[in-house]
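# turn this into a structure:
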Amino acid sequence: MNKMLQQTGHSEPVGSTSQQVGGLSTSGPVLSDAAFARITAIAHREAGLFIADGKAAMVRTRLARRLRALKLSDFESYCSYVESSEGRDELGMMISALTTNVSHFFREDHHFETLKKTILPGLIEKARQGEKIRIWSAGCSNGQEPYSIAMTLLESNIPHNADIKILASDIDPNVVAHGREGLYPSTMATGLDEAHRDKYFTREVMDTDEAWRAKPELKSLISFRVLNLLQPWPMHGKFDVIFCRNVVIYFDAPTQDKLWERFANILKPSGWLFLGHSERVSHGAMSKFKNSGMTTYQRNGTGSAQAAGTPQAPARN
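Purely as a prediction, here's the structure:
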């Protein structure tokens, strides 16, 4: 479900000038050290991405496609465009190009077992008493995660009139649009077994291949939204459960620490937080959480008075 910087793969050396296409190298124009530093600063500032120095070749290869699309001849011009008011939409395209969406249905299935067996019985009882139930898929990628959550809810016999909603958010507008459409070719339907597929999806043909479209009963539970985790959050209420898996591992430690604080503030007392298999809440933030299973945390206490959607101001040296 998630945004992941490519860690492996062979790329040509920085500055490669192989076959020319439309005035640009097929592998992209030369990426100077200054332009690379500028790109990594933008990616960190705007999306929290930490790009190591050794990833210059990956950055050049990925963004060369964007230069060709915009008919720009160099990375310096591209950076200026991205940082301009006219380039706000391109910023999202840049972040999308620098990341890889890796997801499948019911990924890390132990989380969905915990949701179904440990968390939902209590939440459903609250829903029967008229309480709102809110779940957030933060970094939802192409939507497999929120649809997996929705299937888990429906299989738990939620009351027909229950006020239960899933917020599915991602910084990339393209994957948000894909999730909202809810159409998955076979190559994107990994983890979706036949029973779930036949019950909650309808079969379609997509470019001569079969594809599966989420039924309205699934879609009705989910609201898809473009959202940058580093910017102020527009949500006013608190959440019972947050899934944020395989996202924060690519942030640096100070960015992670701020995010743990904000997650704690927007979770209800005893609310739940699920992380990816390589992620852990930092030691300094564990005063607000308790470990409740494999990459599973529960909120301590009664929460903070600070507005959950407002980031703390960065410390000044």
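# quick one: low-confidence parts of the stretch 51-200 of the chain?
100-101 (pLDDT under 70).
# need the strands for it, in chain order.
100-102, 133-138, 164-170, 183-185 (DSSP state E, counting those that start in this stretch).
# to Asn246, which of those lies closest?
Closest to Asn246 of those is strand 100-102 (CB to CB; 7.1 Å). For every residue, glycine as well, the C-beta is placed using N, CA and C.
# gap between the most centrally placed residue in the chain and Thr152?
Nearest to the geometric centre of the chain sits Gly139, at 1.5 Å (CA atoms, centre = their mean). Going from Gly139 to Thr152 by CB to CB, to the nearest Å gives 18 Å.
# so how far is the helix or strand harbouring Asn291 off the chain centroid?
Using DSSP states H and E, Asn291 sits in strand 289-293. Averaged C-alpha coordinates place strand 289-293 at 22 Å from its chain's average position (CA atoms, centre = their mean, to the nearest Å).
# and it, average pLDDT?
On average, the pLDDT along strand 289-293 is 95.
# what's in contact with that strand?
Outside strand 289-293, the residues that touch it by CB atoms under 8 Å, 6 or more residues apart in numbering are 110, 114, 260, 264, 272-273, 281, 297-300.
# sheet partners, orientation included, of it?
strand 296-299 (antiparallel) (DSSP bridges).
# what's in contact with the strand it pairs with?
With CB under 8 Å, 6+ apart as the test, strand 296-299 has contacts from 111, 114, 264, 267-275, 281, 288-292.
# which of these are buried?
The neighbour count (16 or more other CB atoms under 10 Å) marks 111, 114, 264, 267-268, 271-275, 281, 288-289, 292 as buried among these.
# keep only those of those that are in helices.
Mapping the buried ones among the contacts of strand 296-299 onto helices (DSSP state H) picks out 111, 114, 264.
# measure the second one to Lys71 for me?
Counting by CB to CB, the separation of Thr114 from Lys71 is 50 Å.
# could you do the first one as well?
Distance, His111 to Lys71, using CB to CB: 44 Å.
# likewise the last one?
From Ala264 across to Lys71, the span is 46 Å (CB to CB).
# closest to Leu91 among the buried ones among the contacts of strand 296-299?
Using CB to CB, these come closest to Leu91 at Leu275, 26.4 Å.
# I'd say that closest one and Val248 touch.
Yes - with contact defined as CB atoms under 8 Å, Leu275 counts as touching Val248 (7.2 Å).
# around Lys132, how many other residues sit close by?
13 (other CB atoms under 10 Å).
# give me every residue that touches it.
So Lys132 contacts 163-165, 237 (CB under 8 Å, 6+ apart).
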